[in-house]
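Chemist: Everything below, folded, please.
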Amino acid sequence: LFISLEHAKFHSLGSGEIQTSINRKSRAVSEIIDLFYFLGTVPAIIVNVTLVAYTAVTIKIAIWRNKMRLDLNDATVKSAIALYDSLSNYDTVAAFNNESLETERFDETLKGVESHSNRLWRSFYLLNFLQRVTFSMQTASIIFFGTYGIYMENMKPGTFILYLTISKILALNLDKLGYMYCRYWSAIINAKMTYFISMKVKGKEMLPIAEFSDRIEFKDVNFYHGAKKIMSNMNFMIKQSEKVALVGKNGSGKSTLLKILLKYNNYVGFVTIDGEDKKYQFSEQLRRLISYVQQDALLFNYTVRYNIKYGNTDCLDYFMISLCKKMDIHDSIMKLRDGNNTVVYCSLQHKVREHGLS
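Modeler: Have a look, this model is predicted:
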């Protein structure tokens, strides 16, 4: 191994360090062999078989428990969604006296969490039980063979004490190994992301975009929602300074066009800005060029100032106040308890919307 090192690495170690390392490893191998030889052939075989069985049981059940943890994570997400849904629609729930209905719905989601959580813990107890049974079988086998002298000489007290010491050390360390292995994969599953953001597009590098100066064009754009085709061969052009209105019934794809332009939805076809396909433009830079009013605006549970400045966090208070006066909402904001510093709690959102802040 050392003779295969790179030239610089080989000379950085030094011949003395290399020789010392070789001698140390040789002594370690010799000591292990002597130890197993002192125990005898049958105990050595039993110990090695136990190690293989212990490792196989630990990994097999850990993989099984990983699937249970995924199910538990899914159930927990569903429960959290149901809870948030009920709390964020408190006024609607109270207006229709559906508190018991929402409680039952949330309780139904908790049943899945409870079921998967119980299965996960029971599998953990099963793992511990099988690990201990594995070592118990090892000890029982060696005692049986050593006592009756089957395939080996009768085990002497000193040899038996040595074996018990080795067995205890192996059990303690392998128990830690199994515990850390399970915890490691549990952490990996919990941290694993469903979606990964990639800034690269196959076949072409991303292009910067700083301004819009000519036109936006949709060419043969098709959009699917699952298997349903929402948009078919959409073609149109919007030039700079033009005012264009899209008219259609609900579900016809008006909002979808805007989401496609903002790179929210995947589509088939071409959408170009000043002749450049937006698929190859950075999403962050593209969205800085586009301003729009959402159809259903939700306010953040923070100050009025934070919500107003959300689209431009660098905006100075002077310009923010001037804009509010221009939109005729400044006086309404000042009537709130702390003016622009009023925290928009859920209970205030309807009131703020009535004053036109959304």
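Chemist: Helices of the stretch 101-250 of the chain, start to end?
Modeler: 157-191 (DSSP state H, counting those that start in this stretch).
Chemist: which stretches of it form strands?
Modeler: With strands called from DSSP state E, counting those that start in this stretch, the stretch 101-250 of the chain shows them at 215-225, 228-239.
Chemist: nearest to Ile45, of those?
Modeler: strand 215-225 (61.9 Å; Cβ to Cβ). Where C-beta positions appear, they are placed from N, C-alpha and C, glycine not excepted.
Chemist: And the contacts of that closest one?
Modeler: For strand 215-225, contacts defined as Cβ atoms under 8 Å, 6 or more residues apart in numbering pick out 229-240, 253, 256-257, 260-261, 265, 267-275.
Chemist: before we move on, the earlier item: looking at the strands of the stretch 101-250 of the chain, which is buried most?
Modeler: Comparing those by mean neighbour count (mean count of other Cβ atoms under 10 Å), strand 215-225 comes out on top with a mean of 16.
Chemist: Parallel or antiparallel, list what pairs with that strand.
Modeler: strand 228-239 (antiparallel), strand 268-273 (antiparallel) (DSSP bridges).
Chemist: Serialize the strands of the stretch 101-250 of the chain to TSV and add fields for mean pLDDT.
Modeler: What follows is those, written out as TSV (pLDDT from 0 to 100):
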stretch	mean pLDDT
strand 215-225	85
strand 228-239	84
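Chemist: I'd like those written out as TSV, with distance to Lys111 added.
Modeler: Below are the strands of the stretch 101-250 of the chain laid out as TSV (distance: least, Cβ to Cβ, whole Å):
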stretch	distance to Lys111
strand 215-225	31
strand 228-239	33
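Chemist: Ok, which of the ones you listed comes nearest Ile63?
Modeler: With Cβ to Cβ as the yardstick, what comes closest out of the strands of the stretch 101-250 of the chain is strand 215-225 (36.0 Å).
Chemist: Other residues contacting stretch 122-134?
Modeler: With contact meaning Cβ under 8 Å, 6+ apart, stretch 122-134 is reached by 50, 53-54, 57-58, 61-62, 64-65, 68, 174-175, 178, 182.
Chemist: For it, give the mean pLDDT please.
Modeler: On average, the pLDDT along stretch 122-134 is 86.
Chemist: in that stretch, what counts as buried?
Modeler: Applying a neighbour-count criterion of 16 or more other Cβ atoms under 10 Å, one finds Ser123, Phe124, Leu127, Gln131, Thr134 buried in stretch 122-134.
Chemist: and what of stretch 267-277?
Modeler: Per 16+ other Cβ under 10 Å, stretch 267-277 contains these buried residues: Tyr267, Val271, Thr272, Ile273.
Chemist: Same check on stretch 242-258?
Modeler: Buried residues in stretch 242-258 (16+ other Cβ under 10 Å): Gly253, Ser255, Thr256, Leu257, Leu258.
Chemist: Closest to Cys324 out of the contacts of stretch 122-134?
Modeler: Closest to Cys324 out of these is Met68 (53.2 Å), distances taken as Cβ to Cβ.
Chemist: so who does that closest one touch?
Modeler: Met68 sits in contact with His116, Arg119, Leu120, Ser123, where contact means Cβ under 8 Å, 6+ apart.
Chemist: Doesn't it belong to a helix?
Modeler: Yes - under DSSP: H, G, I helix; E, B strand; the rest coil, Met68 falls within a helix.
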